[in-house]
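> Fold the following.
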Amino acid sequence: MINSANARNISELLNPEKDLIYFIPKYQREYIWGKHNWELLFDDILNNEKEHFLGSIICINSKDDALEADKLELIDGQQRMTTLSILLSALYIHLFTIIKNSELDEEEEDELKAELRNLKYKIVLKSDKKTLRLQPSLSGNNSIDYEYIISKELGFFNTVSSVANAGNRRLYKAFRYFQNRLNETRKEGETEIKIFDLHKTLSLLKKINSAIIVKIEVNSLSDAFTLFETLNNRGVPLSPIDLIKNSFLNELEKINQNSIDDNYNKWLNLINNLSEDYSIQERFLRHFYNAYKNEESINVKGRTKALRSNLIEIYDTLIKRNAVEFFDRLYNSSEYYNQLINPQNEANSKEVKDGLIDLINIGAAPSYALLLYVFEKFKIQNKEKIELISFLVKYFVRRNITDTPPTRDLDNIFIDIISKLHIKGEYDFEIIKETLKERMASTELFKEKLSGKIYDENSGATRFILCKLEEINKTKETFVNFWARDEKGKFIWTIEHIFPQGENIPTDWIDMIANGDKKKAKEIQDKYVHTIGNLTLTGYNSKLSNFSFEKKRDRVNKENVNVGYKNGLFLNEDLKNEDKWTEDKIIKRGEKLKEKIIKLFEIEQ
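Residues are numbered from 1 along each chain as shown. Prediction:
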């Protein structure tokens, strides 16, 4: 499994006297580290002593010819190794400038130039002075951007004249970040003194050279993933989708199936169906296997369910059976999966689209294995899709409010339903409905949870319920998108606590809700503040804050538009004409809303 595992310092990993190359194939993810990561790495090295541990890397030795340079394929650690190479590049320029502008005697100058040469050959091979020791992936222009930095900024060779927009991408931003850090100054009186003078620069370089990384060489991608799961790295994790992609492309190349570029483009088309979110891509792989594992061509012996921990093993097995046919099968399923995660897909009717949006908003992703199977296998009619999705929305509302069944059981429940449908050989909504009802919370438990501190127990499900209550009472003329987000990705419409939830209850509220009794007001707050009767929706939560009830009710914006409880929402009908807010009114409104919720999400038992 492991060829070798050794703790090496950076000087050994980037030994100037060895022709050792670290390359990142184009089918791996692009460079994604940002300022936080650059800052953490720089400060980590700077603020620690020599031989500071920087984590580990995992690689496969792909050398074919004994006379060629050693080429190590980085499976894990490319973010860290790429960043270190960029830091060394910035350090080279900084040290070069210091030497150039310093008055040194001949011996000092020779020593520093030797240091500079060693630094140079950590970046390019000494044997030809132009081969990059680190070779980034082609993804995201990483390779050409890195080569451009070495060519333009360091002047080691002149193969790249210009690269459009390179300065706006991550590698160049990382390079500029490290340059700026190395050029920082401090004030001494009226004078600006460079922090990284010759002494400080050499000290930093020594710390980098002595920093320790554990280099692990393995035989296969499956071995790499097993290790990857257990290592605690500082880097951004490599996802299973990256490793499976690697396995696919390697297998297709091995059997001479099309060119690497053609296969890579086919893979990209598959990924385009799944979005750029790695968690969704990985979830699809699990759901695909769990949906179709009953078929002989898909089943992997001993693997009754796809988990993150066994995903690589399962897909390695399936790829090796027949990479071409399996890829086509997987791609076809990804198109159906796109209908689920992308409700706007043209294959979805308006009613199906609305239902799928509800499934996303209530967090019903565990049901996607079933939906994938049903949509693709049985090609059910539109009305059947609407019926199934509507039931699943109700099911997940009740599940999320009651936490019954527990999350850990959901995958198994849907796998069980798929197995029953597989045995029957045709679509049967009754099988789905009855199996889910067997493992569903009772109406009594649902009512009990709705009477409790619903917001405190599941704020997401609470928000969904409030939004649905509001939506069913809107017309086309008064429709509001309660799921809209601002430029930061946060919901514009949020839950508003009528009686404020803050620890320091405002005096106005203590007087109104407890006749000035602070202790009683606190008791009422503890008991009712998070209950459904005290909750509404607002697009101006920060503006309402801890205002008195009257100010919240009558609040208007600069355009004199009502943004308080007179804003026309159905949820505020019981608030807009009230003079005060009391414990009894919270209870009364809560009972009224609870009845509507139970009716809206009713499932006969």
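
> mind listing what's buried in the biggest helix by length in the chain?
Determined from DSSP state H, the single longest helix within the chain is helix 78-101. Going by neighbour count (16 or more other CB atoms under 10 Å), the buried part of helix 78-101 is 78-96, 98-99. (C-beta placed from N, C-alpha, C; glycine too.)

> how far off helix 78-101 does the next helix or strand after that helix point, in degrees?
Scanning forward in sequence from helix 78-101 by DSSP states H and E, the next helix or strand is helix 106-120. Helix 106-120 runs at 160 degrees relative to helix 78-101, counting by axes from the mean of the first three to the mean of the last three CA atoms, to 10 degrees.

> Show me what the very next helix or strand once past helix 106-120 is packed up against.
Following helix 106-120 in sequence order, the next helix or strand is strand 134-135 (DSSP H and E). On a contact count with 3 or more CB pairs under 8 Å, 6 or more residues apart in numbering; DSSP states H and E, strand 134-135 meets strand 20-23, helix 78-101.

> Now for V124, how many residues are close by?
Residues lying near V124 (other CB atoms under 10 Å) number 19.

> wait, it sits on Y146?
No - contact criterion CB atoms under 8 Å: V124 and Y146 do not qualify, at 11.4 Å.

> shared neighbours, the two?
Common neighbours of V124 and Y146 (criterion: CB atoms under 8 Å, 6 or more residues apart in numbering): L132.

> And the pLDDT for A69?
A69 is assigned a pLDDT of 59 by the prediction.

> swap that for R234, sorry
42.

> separation between the nearest residue to L14 once chain neighbours are set aside and N209?
Using CB to CB, 6 or more residues apart in numbering and skipping the chain neighbours, the partner closest in space to L14 is K122 (4.0 Å). Counting by CB to CB, to the nearest Å, the gap from K122 to N209 is 9 Å.

> ok, those two, which is more surrounded?
Between K122 and N209, counted using other CB under 10 Å, the more crowded position is K122 (25 against 20).

> I'd say the more buried one and L88 touch.
Yes - at 5.7 Å, K122 counts as touching L88 under the criterion of CB under 8 Å.

> what do these two both touch?
L14.

> Give the residues shared as contacts by K122 and N209.
Common contacts of K122 and N209 (CB under 8 Å, 6+ apart): I10, S11.

> Does the nearest residue to L571 once chain neighbours are set aside lie in a helix or a strand, and which?
Leaving aside its sequence neighbours, L571 sits nearest to T536 (CB to CB, 6+ apart; 4.6 Å). Counting by DSSP H and E, the element that carries T536 is strand 535-538.

> And for H287?
Here H287 is assigned to helix 278-292, by DSSP H and E.

> what's the domain layout of the protein?
2-230, 240-441, 449-600 (automatic domain parsing).

> what's the least confident stretch among those domains?
Ranked by mean pLDDT, the domains of the chain end with domain 2-230 at the bottom, a mean of 86.

> OK, contacts around R553?
Neighbour list for R553: G564, Y565, K566, L575, K576, E578 [criterion: CB under 8 Å, 6+ apart].

> Kindly reformat the residues you listed as TSV containing neighbour count and secondary structure.
Supplementary listing: those in TSV, determined by neighbours: other CB atoms under 10 Å; DSSP: H, G, I helix; E, B strand; the rest coil:
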residue	neighbour count	secondary structure
G564	23	coil
Y565	27	coil
K566	16	coil
L575	20	coil
K576	15	coil
E578	16	coil
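
> Let me know the closest of those residues to L72.
Within the contacts of R553, the smallest distance to L72 is 63.5 Å, found for G564 (CB to CB).

> tell me the contacts of that closest one?
Contact analysis of G564 by CB under 8 Å, 6+ apart lists Y540, L544, K551, K552, R553, D554, R555, V556.

> Helices along the stretch 401-550 of the chain, start to end?
With DSSP state H, counting those that start in this stretch, the ranges of helices along the stretch 401-550 of the chain come out as 407-424, 429-438, 443-450, 454-457, 459-471, 507-514, 518-528, 541-544, 549-554.

> From F446, how far out is I213?
Counting by CB to CB, the gap from I213 to F446 is 54 Å.

> now do S161
In this view, S161 and F446 are 68 Å apart by CB to CB.

> what about those two, which has more around it?
Neighbour comparison, S161 and F446: the larger count goes to F446, with 23 against 8 (by other CB under 10 Å).

> Pull the contacting residues for the more buried one.
Applying CB under 8 Å, 6+ apart, we find F446 in contact with R398, I401, T402, I598, F601.

> Stretch 108-122: which residues count as buried?
Neighbour-count burial for stretch 108-122 [16+ other CB under 10 Å]: L112, E115, L116, N118, L119, K120, Y121, K122.

> quick one: that stretch to chain centroid distance?
42 Å (CA atoms, centre = their mean, to the nearest Å).

> quick one on the thing from earlier: could you list the alpha-carbon positions for the helix holding H287 in PDB?
The C-alpha trace of helix 278-292 is given here as PDB (Å, rounded to 0.1, in the frame of the first residue of the first chain):
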ATOM      1  CA  TYR A 278     -17.700  19.100  -4.600                       C
ATOM      2  CA  SER A 279     -20.200  17.900  -2.000                       C
ATOM      3  CA  ILE A 280     -22.900  17.600  -4.600                       C
ATOM      4  CA  GLN A 281     -20.600  15.800  -7.000                       C
ATOM      5  CA  GLU A 282     -19.700  13.300  -4.300                       C
ATOM      6  CA  ARG A 283     -23.300  12.900  -3.200                       C
ATOM      7  CA  PHE A 284     -24.300  12.000  -6.800                       C
ATOM      8  CA  LEU A 285     -21.700   9.200  -6.800                       C
ATOM      9  CA  ARG A 286     -23.100   7.800  -3.600                       C
ATOM     10  CA  HIS A 287     -26.700   8.200  -4.700                       C
ATOM     11  CA  PHE A 288     -26.000   6.600  -8.100                       C
ATOM     12  CA  TYR A 289     -24.500   3.400  -6.500                       C
ATOM     13  CA  ASN A 290     -27.200   3.200  -3.900                       C
ATOM     14  CA  ALA A 291     -29.900   3.600  -6.500                       C
ATOM     15  CA  TYR A 292     -28.500   0.900  -8.900                       C
END
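
> Quick check: which helices or strands does it pack against?
With contacts defined as 3+ CB pairs under 8 Å, 6+ apart, the packing partners of helix 278-292 are helix 240-254, helix 260-274, helix 311-321, helix 323-341, helix 368-378, helix 407-424.

> Perfect, I'm done here.
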